[in-house]
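# Take a look and give me a structure for this.
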Amino acid sequence: MSKDIRWKQRLDNLKDAVRQLHTGLAIGNPDNFQKQGVIKCFEYTFDLAWKTIQDYLKADRGYTDISGPRPVLQQAFQDQIIRDGELWFNMLESRNLSSHIYDSNEMEKIFRRITIAYLNPFDELVEYLVAK
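Model (predicted):
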């Protein structure tokens, strides 16, 4: 499979994941189970986002030695693929914490961050990549 096709296939999956995240966040007055579902959706959406960026950087920009979320996000910020590098690193931290939530207060914090701050960057990323 060519690199060009791979990132575009990931982009299609990312678009679906972002739509699902929008759907989950549209639930009025979600219970804890629904919030956990939104957090899980955020996890795989974030993972798809940085992996899609990584594939795009390789296919379009020729960066073959950049891998892993931190280096990918740093390069994406430098190349102006993402606008707010600090926010994306906060998203990475939340994604890593979300895998180990045992406290309902921590779950609430991450859910609020997803609702307030993390959805728009996914939309911006998809918009940027669709235009490519």
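# After the lengthiest helix in the chain, which helix or strand is next? Please name it.
Ranked by residue count under DSSP state H, the longest helix found in the chain is helix 32-61. Sequence-wise, the next helix or strand downstream of helix 32-61 (DSSP states H and E) is helix 69-78.
# what about dumping the CA coordinates of that following helix to PDB?
The C-alpha trace of helix 69-78 is given here as PDB (Å, rounded to 0.1, in the frame of the first residue of the first chain):
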ATOM      1  CA  PRO A  69       3.000  11.000  19.400                       C
ATOM      2  CA  ARG A  70       5.400  13.600  20.900                       C
ATOM      3  CA  PRO A  71       7.700  14.000  17.900                       C
ATOM      4  CA  VAL A  72       4.800  13.900  15.500                       C
ATOM      5  CA  LEU A  73       2.900  16.600  17.300                       C
ATOM      6  CA  GLN A  74       6.100  18.700  17.600                       C
ATOM      7  CA  GLN A  75       6.700  18.500  13.800                       C
ATOM      8  CA  ALA A  76       3.000  19.100  13.100                       C
ATOM      9  CA  PHE A  77       3.100  22.300  15.100                       C
ATOM     10  CA  GLN A  78       6.300  23.400  13.400                       C
END
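# Who are the packing partners of that helix?
helix 32-61, helix 85-98 (3 or more C-beta pairs under 8 Å, 6 or more residues apart in numbering; DSSP states H and E). For every residue, glycine as well, the C-beta is placed using N, CA and C.
# can you redo the ones you listed as JSON lines with mean pLDDT, mean neighbour count and distance to E127?
Shown next, in JSON lines, are these (pLDDT from 0 to 100; neighbours: other C-beta atoms under 10 Å; distance: least, C-beta to C-beta, whole Å):
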{"stretch": "helix 32-61", "mean pLDDT": "96", "mean neighbour count": "19", "distance to E127": "13"}
{"stretch": "helix 85-98", "mean pLDDT": "96", "mean neighbour count": "17", "distance to E127": "15"}
